[in-house]
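> Mind looking at a prediction? Sequence and model below.
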2 protein chains.
Amino acid sequence: MSDDHATYSFSALQTDPAFGEVTANLDAVERHLEGLRTDLLVLPELFASGYSFVDKDELLGLAEPFDGGETTERLRGWSRGTGGMIVAGFPERDGDKVYNSAAVVANGELLDCYRKVHLFGFEYDVYEPGDRPFAVQEHAGLRVGTMICFDWMYPEAARTLVLRGADVIAHPSNLVLPGWCQRTMLVRALENRVYTVTANRYGTEHRPPRPALHFTGSSRIASPRGEAVADAPAVGVTLLQTTADIVLARDKRVPSGNDVLAERRPDFYER
Amino acid sequence: MSDDHATYSFSALQTDPAFGEVTANLDAVERHLEGLRTDLLVLPELFASGYSFVDKDELLGLAEPFDGGETTERLRGWSRGTGGMIVAGFPERDGDKVYNSAAVVANGELLDCYRKVHLFGFEYDVYEPGDRPFAVQEHAGLRVGTMICFDWMYPEAARTLVLRGADVIAHPSNLVLPGWCQRTMLVRALENRVYTVTANRYGTEHRPPRPALHFTGSSRIASPRGEAVADAPAVGVTLLQTTADIVLARDKRVPSGNDVLAERRPDFYER
């Protein structure tokens, strides 16, 4: 990274997908992205499929392979347009297994597929727990770590991504707990001195026999100072955008002079 | 723990000690504790000595042994009166080394001495970094984990205490960063489903050549739901008190049914 390229633009799109209407949901997102240029775009968890699968069979019918699926093909195309990285959630089929995954793409290429490590509630009924490491992908000098939704609850997730070099944490989400994650992401940003980009969905899904789920919107981008630098409303399609100073994310010092990453004392930590 | 003894009382005393006036500071605290009965009392970091030592020689003049020092002797006496555990900060002398420590006492006995693992700013000039594990002490069925002030910045500190069985985290503090810790402690409580008791000091110390330090008060007790259940003002001697349900702190489930401690996946975490 040179001093003259320390500034990057981050974006998050908050949407309300219609359950199971993959092509229509993709078309709607595509319209919202028209003309967008951004170094990092984050879309919600399961942004094209919807969330509340009633059983594994229904999920298998909508899950897609990472390489060659309808959703990741569209992401590849969009990434040529935005010029940066895109991180977006989709149900990933691998044989007869399905993962709650996030595709990481740039320049029309598939870079990585993260499989959600910490499943939430009913997800255990239909998904396999993630079996790949928390990983960081670099594009044009920007290092992006990916986690999905309920991973927010575990400080180890964001910490691991930052120890592996992330400047920013891309965080596709379908949040339902009242404000817990949005508040916590300010702390994840602060304790790691890193940017975080949480793209949440809004709206309600009610697919009996599952209970109705109300998604909380309020997508949020936080800075390494632990401050919200862009906030979406609780309801409504919203494109959040901010400019980020990566020098700030790579300087782990707080005002006291402490370097909070270098001064960790892992010998005292229970894993 | 039986069902009929699931409820405990927690207290935190917020004070403004006069630098170096150990006996007077102890006398002042003693007056505020008169008649107090509580299962856990937390006092601030370095509550009797003051904080802003100009050099190691000055610190050596005020540091005390854990066993037999003026401060811990007074703590032992107070613990007979309160009937519960007391956790309080003091400068601990051990040979020619000094630690920023917290004494844990109950029933007039010294239970443990925790030495601050994550030193803050200038503290590196005068203290040795802590060399003892994060530890939990049990008294009358209540399991208390201790950390000091800047340990808040490291999620690993509270996490380690909870993995070692803490129902509540006693957190003597001398906080100067603007609101960062108070906000973060709600997340430490939430992510671990544990009570936290932060006893902070208030007021200003200016001891040249050190810069003036403004302590932020706003001592806080948080519940396993991540909510503030008792808050002190930014300025003023305040005795915070709350009743705590330890069954809640031992049930790590969130409303989705996830058991956030049991569902950790350490194989994926970088230590």
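Thanks, I have it.
> and the helix or strand hosting residue A:156 with helix B:155-163, angle?
According to DSSP states H and E, residue A:156 maps onto helix A:155-163. Angle, helix A:155-163 to helix B:155-163, by axes from the mean of the first three to the mean of the last three C-alpha atoms, to 10 degrees: 150 degrees.
> And chain B, is helix A:155-163 touching that?
Yes. Using C-beta under 8 Å from any C-beta of the partner chain, helix A:155-163 reaches chain B at A:155, A:156, A:157, A:159, A:160, A:163. (Each C-beta comes from the backbone N, C-alpha and C, glycine too.)
> Show me which residues of the stretch 101-250 of chain A are close to chain B?
Counting by C-beta under 8 Å from any C-beta, the residues of the stretch 101-250 of chain A that sit close to chain B are A:117-121, A:129-130, A:133-134, A:150, A:153-157, A:159-160, A:163-164, A:176-177, A:180, A:183-184, A:186-187, A:190-191, A:226.
> Could you turn the buried ones of the residues you listed into a ChimeraX selection?
Buried residues among those (16 or more other C-beta atoms under 10 Å in any protein chain shown), as a ChimeraX selection:
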select /A:117,118,119,120,121,129,130,133,134,150,153,154,155,156,157,159,160,163,176,177,180,183,184,186,187,190,191,226
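> still on that earlier bit, going by distance to residue A:46, which of the residues of helix A:155-163 next to chain B wins?
residue A:157 (18.2 Å; C-beta to C-beta).
> Show me the helices in the stretch 101-250 of chain A, by range?
A:123-126, A:155-163, A:180-192, A:246-250 (DSSP state H, counting those that start in this stretch).
> got those as JSON lines, with mean pLDDT columns?
Putting the helices of the stretch 101-250 of chain A into JSON lines (pLDDT from 0 to 100) gives the following:
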{"stretch": "helix A:123-126", "mean pLDDT": "97"}
{"stretch": "helix A:155-163", "mean pLDDT": "98"}
{"stretch": "helix A:180-192", "mean pLDDT": "98"}
{"stretch": "helix A:246-250", "mean pLDDT": "96"}
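> Identify all contacting residues around whichever strand or helix holds residue A:78.
Take DSSP H and E as the rule and residue A:78 turns out to sit in helix A:70-82. Contacts with helix A:70-82, where a contact means C-beta atoms under 8 Å, 6 or more residues apart in numbering or on different chains, come from A:11, A:22-23, A:26, A:30, A:33, A:36-38, A:41, A:48-49, A:64-66, A:85-86, A:88, A:90, A:103, A:105-110.
> Equivalent analysis for stretch A:208-216, please.
A:16, A:51-52, A:54, A:122, A:174-179, A:182, A:200-206, A:234.
> Let's test this: mean pLDDT of that stretch, rounded?
Averaged across stretch A:208-216, the pLDDT comes to 96.
> Likewise for stretch A:17-34?
98.
> pull the CA atoms of that stretch into CSV?
The C-alpha trace of stretch A:17-34 is given here as CSV (Å, rounded to 0.1, in the frame of the first residue of the first chain):
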residue,chain,number,x,y,z
PRO,A,17,-35.6,-10.3,-0.8
ALA,A,18,-38.7,-12.2,-1.7
PHE,A,19,-38.3,-15.8,-0.5
GLY,A,20,-37.3,-18.2,-3.2
GLU,A,21,-37.5,-15.6,-6.1
VAL,A,22,-33.8,-15.8,-6.9
THR,A,23,-33.8,-14.3,-10.3
ALA,A,24,-36.1,-11.5,-9.4
ASN,A,25,-34.0,-10.7,-6.3
LEU,A,26,-30.8,-10.7,-8.3
ASP,A,27,-32.5,-8.4,-10.9
ALA,A,28,-33.6,-6.0,-8.1
VAL,A,29,-30.1,-5.8,-6.6
GLU,A,30,-28.6,-5.2,-10.1
ARG,A,31,-30.8,-2.2,-10.6
HIS,A,32,-29.6,-0.7,-7.2
LEU,A,33,-26.0,-1.2,-8.2
GLU,A,34,-26.3,0.6,-11.5
